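**Q** Build the 3D model from these lines:
(one chain, ligands or ions: 1)
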Amino acid sequence: MTFRMQAVQESGTVRVADRVKALRASGVDVISFTIGEPDFPTPEHIVQAGIDALKSGFTKYTPSAGIPELREAIARKLKAENGIDASASEIIVTPTKHAIFMSIIALVDRGEEVILADPSWVSYEPMVRMADAVPVPVRADEETGFRLNPELVAEKITNRTRMILLNSPNNPTGAVASREEVRAICELAVDHDLLILSDEIYEKIMYDALNHSPASFPGMKERVITVNGFSKTYSMTGWRLGYLHADTSLVRDIQKVQTHSVTCATSFAQKAGIAALEGPAEPVRRMVAEFRRRRDLTVRKLRDMPGIEVVEPKGAFYTFPKYSQGMDSEKMTEYLIDEAHVGVTPGSSFGSFGENHFRISYATDIATLERGLDSMKAALEKL
Ligand SMILES: Cc1ncc(COP(=O)(O)O)c(C=O)c1O
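**A** Below you'll find the predicted structure:
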């Protein structure tokens, strides 16, 4: 193993999923709340666009940054919905996760610091480490409503800080940054000459809250990389399609990584992406309405469990309850698998302030949610 990879942990979410799989293979009926993936099929008109592209022979390399029609459709979307003064030439089409990885590799140098919320998505920290850079976690637990607090961010800025990672709505907590918080973080970036990477992949899975893209604030375009994707909004996780937008000066360097790694995004998936952006919005509305019902049920049932405290999520499809049972989150997760036959993700996978929490993904049908949550309650009552 290289020195670089020694610093990178195996993903905790994958470890739990493997344990659930192994139990199921031995005949136990395990309910899994671990998966970060909508359970709906990809909407029909999107699938059809992919099929049509395949049938018409659209199966070869595309321009590295993506096909012009899709980049133009993305630029229109970013302008209309996010208030970002985007043009097609500033967009790279690539899997969302790769967009984040490329941005960090291209723009953060060895030894530089990247500020991120703790808890936050499992892959940010390893990506920063793979760039030989230094992740700097900022406490974002119940005390700040799970949101990245600008004052706490300011305390962590040094002369080595290069980038702030913002993820709203947040995985694993479902927290949504307020306009004032985003504005204050933008001001910090200007004052200290920093970049912001804004991961907005859950922007449309939102309940009574609004998304505020940092790149839409005056003067911010030159220092914000906006990342978004089709996986969650359109239930397209397997299509591996997302994108990033950044100023030309930044895109040029990120584009070099794209050219020398994946070359381009999958050809026919890009055609499906156009259908997703330009087709009917009704399937997304239906999915979000269903997620809201599930969120309400999950929060209500969790609040009825002993020792559990829940902040109501405002977006995404996760909730991040805190428990007071006095065991670490790996142990709690094992207990819930063994006793309730329910898989959840240990909070410590998302950072040290995630300890004494677990993540529930409610991207599962209502009947399964009810069964699993009832079973968890019974298990917690035994402790
Ligand atoms: C916060 C966040 N960003 C990015 C991604 C990556 O998305 P994709 O599967 O489209 O690469 C995920 C996936 O779980 C996520 O939760």
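
**Q** give the contact list for G279.
**A** By Cβ atoms under 8 Å, 6 or more residues apart in numbering, the contact set of G279 is 43, 45-46, 49. Backbone N, C-alpha and C define where each C-beta goes, glycine included.

**Q** Highest neighbour count among those residues?
**A** Taking other Cβ atoms under 10 Å as the neighbour criterion, I46 ranks highest of the contacts of G279 with 25 neighbours.

**Q** got the residue ranges for the helices in the stretch 201-350 of the chain?
**A** For the stretch 201-350 of the chain, helices defined by DSSP state H, counting those that start in this stretch occupy the ranges 248-259, 267-278, 282-303, 329-335.

**Q** of all those, which gets the most neighbours per residue?
**A** Highest mean neighbour count of the helices of the stretch 201-350 of the chain: helix 267-278, a mean of 22 (counted as mean count of other Cβ atoms under 10 Å).

**Q** Does anything pack onto it? Which helices or strands?
**A** Using 3 or more Cβ pairs under 8 Å, 6 or more residues apart in numbering; DSSP states H and E, the elements in contact with helix 267-278 are helix 44-55, helix 68-82.

**Q** Just the buried positions in the first one, please.
**A** Think helix 44-55. 46, 49-50, 53 (16 or more other Cβ atoms under 10 Å).

**Q** Adding distance to the ligand and pLDDT as columns, could you present these in a markdown table?
**A** Shown next, in a markdown table, are those (distance: Cβ to the nearest ligand atom, whole Å; pLDDT from 0 to 100):
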| residue | distance to the ligand | pLDDT |
| --- | --- | --- |
| I46 | 14 | 98 |
| A49 | 18 | 98 |
| G50 | 16 | 98 |
| A53 | 19 | 98 |
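
**Q** Tell me the one among these nearest to R160.
**A** I46 (43.2 Å; Cβ to Cβ).

**Q** what comes into contact with stretch 41-58?
**A** 234-236, 239, 267-272, 274-276, 279-280, 283-284.

**Q** Quick check: closest non-adjacent residue to V190.
**A** G219 (6.7 Å; Cβ to Cβ, 6 or more residues apart in numbering).

**Q** circling back: tabulate the contacts of G279 (a markdown table), appending distance to A133.
**A** Compiled in a markdown table, the contacts of G279 are given as follows (distance: Cβ to Cβ, whole Å):
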| residue | distance to A133 |
| --- | --- |
| P43 | 38 |
| H45 | 41 |
| I46 | 36 |
| A49 | 38 |
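
**Q** Read off the pLDDT value for the residue nearest to V190.
**A** Reading off the confidence values, G219 has pLDDT 95.

**Q** now R294
**A** At R294, the model reports a pLDDT of 98.

**Q** What are the neighbouring residues in contact with the closest residue to it other than its chain neighbours?
**A** Excluding the flanking residues, the one nearest R294 by Cβ to Cβ, 6+ apart is Y362, at 4.3 Å. By Cβ under 8 Å, 6+ apart, the contact list for Y362 reads 33, 291, 294-295, 297-298, 317-319, 369.

**Q** go with 7 Å
**A** Residues near Y362 by Cβ atoms under 7 Å, 6 or more residues apart in numbering: 294-295, 298, 317, 319, 369.

**Q** What pLDDT is listed against it?
**A** Taking Y362 on its own, its pLDDT is 97.

**Q** quick one: it from the ligand, how far?
**A** Distance of Y362 to the ligand, computed by Cβ to the nearest ligand atom, to the nearest Å: 14 Å.

**Q** repeat for G279
**A** 19 Å.

**Q** how close does that residue get to Q48?
**A** As for G279, its distance to Q48 is 10 Å (criterion: Cβ to Cβ, to the nearest Å).

**Q** Find the nearest non-adjacent residue to A272, please.
**A** Here the residue nearest A272, using Cβ to Cβ, 6+ apart, is G50, at 3.9 Å.

**Q** And F350, by the same measure?
**A** P119 (3.4 Å).

**Q** What number of neighbouring residues does the one you found come out with?
**A** 28.

**Q** Kindly report the same for the one 5 residues further on.
**A** Look at Y124: counted by other Cβ under 10 Å, it has 25 neighbours.

**Q** Look at whatever residue of the stretch 201-350 of the chain ends up closest to the ligand and say how many residues are nearby.
**A** As assessed by Cβ to the nearest ligand atom, the ligand sits closest to S231 within the stretch 201-350 of the chain, at 3.3 Å. S231 is flanked by 22 other residues according to other Cβ under 10 Å.

**Q** Would you check that it makes contact with T237?
**A** Yes - if you go by Cβ atoms under 7 Å, S231 and T237 touch, sitting 4.4 Å apart.
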